[in-house]
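K.L.:
Predicted model follows, preceded by the sequence.
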Amino acid sequence: MRYKELKEKISILISSGSLVERYLKIYEDNLETDDSSPVFGHSLSSYQIENVRSRLKKSKQTKSLGKYIQILAASKGHFQYDAGFFGQAQITNPTWSKLINDKRPNPERETILRIAILLKCNLEQTHELLAKAGYVASDCNNRDQLVLGCIEMGVYDFADIEELIAEEGLKSLFR
């Protein structure tokens, strides 16, 4: 796909709001509401209490960021650190090791986005990666929208993405 075509498609995607709607749907699919009456003794309904307990149980069973990254990498055929492959995203062996072993509790947002691009994640996988790292893609953040637009269209070339980011005057995914 040519650069100008790519830029036009991403601009249309971002301005149409469909990307935001799709991303919000992924996020909102996990939310439920209920207006049950409160349980005697406190202001939470039995449904709300059960919902909180269910979330806590699910949280204990949910894969950590490191385990999730390992699964994604393995699904793409990357079972070990490969400097040639991970170097494209400026992910060093020590950084990779800390990430997959959950020794890096607060990875930078840029690192997570680079991993999503490197592993050719879809929107749902990218959302999951960001969420597990403690981030949410913002519909107000132009760089997030540009990167998500590229991911949605299957554009995973760092040079193309960085060129678009620079052209828009946004912060690079790299230092």
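P.N.:
Here it is on my side, so go on. Numbers count the residues shown, from 1 in each chain.

K.L.:
Now do the contacts for L146.
P.N.:
Shown in contact with L146 (CB atoms under 8 Å, 6 or more residues apart in numbering): 10, 14, 161, 164-165, 168, 170. (C-beta placed from N, C-alpha, C; glycine too.)

K.L.:
now do K67
P.N.:
Contact partners of K67, counting by CB under 8 Å, 6+ apart, are 100, 102.

K.L.:
ok so it is a helix residue?
P.N.:
Yes - applying DSSP: H, G, I helix; E, B strand; the rest coil, one finds K67 inside a helix.

K.L.:
mind listing what's buried in the longest helix belonging to the chain?
P.N.:
Longest helix in the chain, counting residues (DSSP state H): helix 46-61. Buried residues in helix 46-61, counted by 16 or more other CB atoms under 10 Å: 48, 51.

K.L.:
and that helix, average pLDDT?
P.N.:
When pLDDT is averaged over helix 46-61, the result is 82.

K.L.:
cool, stretch 96-109 as well?
P.N.:
For stretch 96-109, mean pLDDT is 93.

K.L.:
Can you show me the CA trace of that stretch as CSV?
P.N.:
What follows is stretch 96-109, C-alpha atoms only, in CSV (Å, rounded to 0.1, in the frame of the first residue of the first chain):
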residue,chain,number,x,y,z
TRP,A,96,12.1,-8.7,27.1
SER,A,97,13.1,-11.0,30.0
LYS,A,98,11.8,-8.5,32.6
LEU,A,99,8.5,-8.1,30.7
ILE,A,100,7.7,-11.8,30.2
ASN,A,101,8.7,-12.6,33.8
ASP,A,102,6.6,-9.8,35.2
LYS,A,103,9.7,-8.1,36.7
ARG,A,104,8.9,-4.8,35.0
PRO,A,105,5.6,-3.7,36.7
ASN,A,106,5.2,-0.5,34.8
PRO,A,107,6.4,-0.8,31.2
GLU,A,108,6.1,2.4,29.2
ARG,A,109,3.1,2.8,27.0
